[in-house]
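Colleague: pasting the sequence and the predicted model now:
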Amino acid sequence: MRRTIAQAISSGVLLLLAGTACTGGNTITRQPLPSRPASNAPDRTSAPAPSRAKAAAVGDTIKIEGTGSGEQLDVTVKQWLDPAGSANEFSGPQDGKRWVAAQFELLNTGSASYEDSPSNGAQAADTTGQRFPSTFGEITAGPQMPAATKIPPGEKALGWILFEIPKASEIATVQFTMNSGFANQTGQWSVK
């Protein structure tokens with residue numbers, strides 16, 4: 001049976017879309033990097049207790065990878081601000097809402113330059129599971145993370161990412177994903 005060029009192209013597009021939608025491997029990393037090296041000598045004086053990984057919190061660093069070769073960041077939530085105050089009288093949250101903000105430090109530990117809009121890959125989640133994307137505004141705590149951030153290997157960027165949430169929401173976690181949120185690995189920090 002002969003296929004037309006349009007059918008062949010259509011089949012190829014469907015295969016391409018199916019391949020990209022089924023990549024799997026999406027992970028959320030909640031465990032921070034160790035703050036100091038573990039002891040080499042095991043403790044044999046007591047029975048091992050079941051271990052539970054410590055969830056990352058404000059001040060902790062998580063290593064995450066991007067989609068490109070050599071894309072890797074050590075991401076730290078340096079501070080959490082709830083509420084975040086507007087730096088001027090011309091902007092602020094909408095009625096019934098408030099601003100919250102996370103100060104992120106992005107250290108490029110990869111071999112490739114990191115070029116992205118970090119706020120596109122950040123979101124906050126409240127205790128009911130509602131998720132909130134970042135927003136723009138100037139706050140009194142300091143400068144926002146630049147919209148167009150370029151970090152060469154070995155260098156870092158520091159800035160606030162702002163979220164607008166309902167006044168009644170209690171934020172539980174903040175997340176960051178490279179490549180404007182499209183990378184397979186996401187870092188998550190508890191802010192409660």
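Modeller: Yep, that arrived.

Colleague: okay, strands next: where are they in the protein?
Modeller: 27-29, 61-65, 72-81, 97-108, 114-116, 122-126, 131-135, 149-151, 156-166, 171-177, 185-190 (DSSP state E).

Colleague: Pro143 is nearest to which of those?
Modeller: strand 156-166 (5.6 Å; CB to CB). (Glycine included, C-beta is placed from N, CA and C.)

Colleague: what packs against the closest one?
Modeller: Strand 156-166 is packed against strand 97-108, strand 122-126, strand 131-135, strand 171-177, with contacts defined by 3 or more CB pairs under 8 Å, 6 or more residues apart in numbering; DSSP states H and E.

Colleague: with mean pLDDT and distance to Lys78 added, can I get those in TSV?
Modeller: Converted to TSV, the helices and strands packed on strand 156-166 look like this (pLDDT from 0 to 100; distance: least, CB to CB, whole Å):
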stretch	mean pLDDT	distance to Lys78
strand 97-108	98	4
strand 122-126	97	14
strand 131-135	97	16
strand 171-177	98	12
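
Colleague: redo those strands as JSON lines? Include distance to Thr76.
Modeller: Formatted as JSON lines, the helices and strands packed on strand 156-166 follow (distance: least, CB to CB, whole Å):
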{"stretch": "strand 97-108", "distance to Thr76": "4"}
{"stretch": "strand 122-126", "distance to Thr76": "13"}
{"stretch": "strand 131-135", "distance to Thr76": "17"}
{"stretch": "strand 171-177", "distance to Thr76": "10"}
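
Colleague: nice, that's everything, thank you.
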